[in-house]
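S.K.: sequence plus the predicted model coming up.
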Amino acid sequence: MIKLERKIHNILFPQIEFNYKEFCKKRNINLNNKSLNKKWLNVKCDVLSLWCHIYYNGDIFVTRDNNFYKVTKLKKLIVLGVGYILTPQQAVIKIIDTIKLILVTFFIIFTLSFFEV
């Protein structure tokens, strides 16, 4: 599980430390602050969101974040099993196309079964 998380992190955010303590140390951030650094927390949320998608075999990961669409990153994420990474607009089109395909398939099966009587 951690192995997959690290791989995703290193693909999406190679310039950001995986470990919060190391992140803070490199940037002279006080570890005793009550709240986590927002930049590091945003990175962790992005990584864990994609981790859940891959781990639970999601089909379409929907995001507006351009970081996920960079060609060098996208190829590596596909190898990890990401499936599709689409914008909200692209996801709607894909879902509509899938529904159309299901309806056409249903119609063909229904028509064939109707004429086989």
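M.R.: Alright, I've got the coordinates.

S.K.: centroid-nearest residue for the protein?
M.R.: Taking Cα atoms, centre = their mean, the centroid of the chain lies closest to Leu50, which sits 3.8 Å from it.

S.K.: what residues are up against that residue?
M.R.: For Leu50, the contact set (Cβ atoms under 8 Å, 6 or more residues apart in numbering) comprises Ile8, Leu12, Phe61, Phe68, Leu77, Val82. All C-beta atoms are positioned from the backbone trio N, CA, C, and that covers glycine.

S.K.: list phi and psi for Tyr84.
M.R.: phi -100, psi 140 (degrees, to the nearest 10).

S.K.: excluding chain neighbours, what is closest to it?
M.R.: Ile60 (4.7 Å; Cβ to Cβ, 6 or more residues apart in numbering).

S.K.: surely that neighbour meets Pro88?
M.R.: No. Look at Ile60 against Pro88 with Cβ atoms under 8 Å: they stay out of range, at 10.4 Å.

S.K.: compare those two (neighbour count), which wins?
M.R.: Set Ile60 next to Pro88 and count neighbours by other Cβ atoms under 10 Å: Ile60 wins out with 15 against 9.

S.K.: find me the pLDDT at the more buried one, would you?
M.R.: pLDDT recorded at Ile60 is 94.

S.K.: then the one 5 residues further on?
M.R.: Looking at Asp65, its pLDDT stands at 94.

S.K.: so which residues of the chain form helices?
M.R.: With DSSP state H, the ranges of helices along the chain come out as 2-12, 20-27, 38-55, 71-80, 88-115.
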